[in-house]
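Asker: Pasted the sequence and its predicted model underneath.
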Amino acid sequence: MSAGNENKFVLPDMDDKFIAGQVLSGQKEFFRLLVERHKREVNAMGISFLRNADDAEDFTQEVFLKAFHSLEQFQGKSKFSTWLYRIAYNTAINSVNRRKDYMSLADNDDREGSFLTPEESSVKSAVRQSVRQAVSELPEKYRICIDLFFFYDCSYEEIEKITGNTVNTVKSHVFRAKKILREKLSDL
């Protein structure tokens, strides 16, 4: 690889579609950029579904392996992340169907700020526990849509592509989940 090609890896403005094109044109080493950009989100989805960091790591590797082998199917009609999350979602659903387990990203503690006073930390912890409880009581189809909408910042259209539900169904699930959560958390 020439020095010029090495510089391509440090360009921050390369979009996922361009990188995927580079991989498909034979520069397979570019795939690591896609992994680096999306590993955290895919792993978080794995933790949500599998409830185990080791299983989530295996899940993440499986998802990226599937993505690599089916990259030619990425047509660029949607964002790469939407296409990748669809692979991750289907892989997770297949795993969940075998295990019948799902945990919302609201259960993850890794978003805690480190600059809170003890009082703020206590309040945040109590709120987090209340939200966890309320989210855990949602029907699974609502929890999945809420996670994708709030924690993955997916649009309704992206959630449609990921879950296979229609946009109206996704909107309905998010609306109903928010209504249920609002009622359950009204004391806060």
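Answerer: On my side now, so go ahead.
Asker: Could you chop this structure up by domain?
Answerer: When the chain is parsed with automatic domain parsing, its domains come out as 14-103, 106-188.
Asker: Reformat the ones you listed as JSON lines; add mean neighbour count and mean pLDDT.
Answerer: In this view, the C-beta of every residue, glycine as well, is placed from N, C-alpha and C. Putting the domains of the chain into JSON lines (neighbours: other C-beta atoms under 10 Å; pLDDT from 0 to 100) gives the following:
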{"stretch": "domain 14-103", "mean neighbour count": "17", "mean pLDDT": "88"}
{"stretch": "domain 106-188", "mean neighbour count": "15", "mean pLDDT": "80"}
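Asker: Give the phi and psi angles for Ser186, as a check.
Answerer: Ser186 has phi and psi values of phi -60, psi -30 when expressed as degrees, to the nearest 10.
Asker: cool, and Phe31?
Answerer: Recorded main-chain torsions at Phe31 are phi -60, psi -30, according to degrees, to the nearest 10.
Asker: Contact partners for it?
Answerer: Contacts for Phe31 (C-beta atoms under 8 Å, 6 or more residues apart in numbering) come out as 19, 23, 64, 68, 71.
Asker: how does it look with 10 Å?
Answerer: Contacts for Phe31 were tallied using C-beta atoms under 10 Å, 6 or more residues apart in numbering; they are 19-20, 22-24, 64, 67-68, 71.
Asker: Just the ones of those in helices?
Answerer: Of the positions in the contacts of Phe31, 19-20, 22-24, 64, 67-68 sit in helices, assigned by DSSP state H.
Asker: now those as CSV including distance to Asp58?
Answerer: As requested, the ones in helices among the contacts of Phe31 are exported to CSV (distance: C-beta to C-beta, whole Å):
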residue, distance to Asp58
Ile19, 24
Ala20, 24
Gln22, 27
Val23, 23
Leu24, 26
Phe64, 11
Ala67, 15
Phe68, 16
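Asker: and which of those residues is nearest to Ile162?
Answerer: Comparing the ones in helices among the contacts of Phe31 against Ile162 with C-beta to C-beta picks out Ala67 as the nearest, at 13.6 Å.
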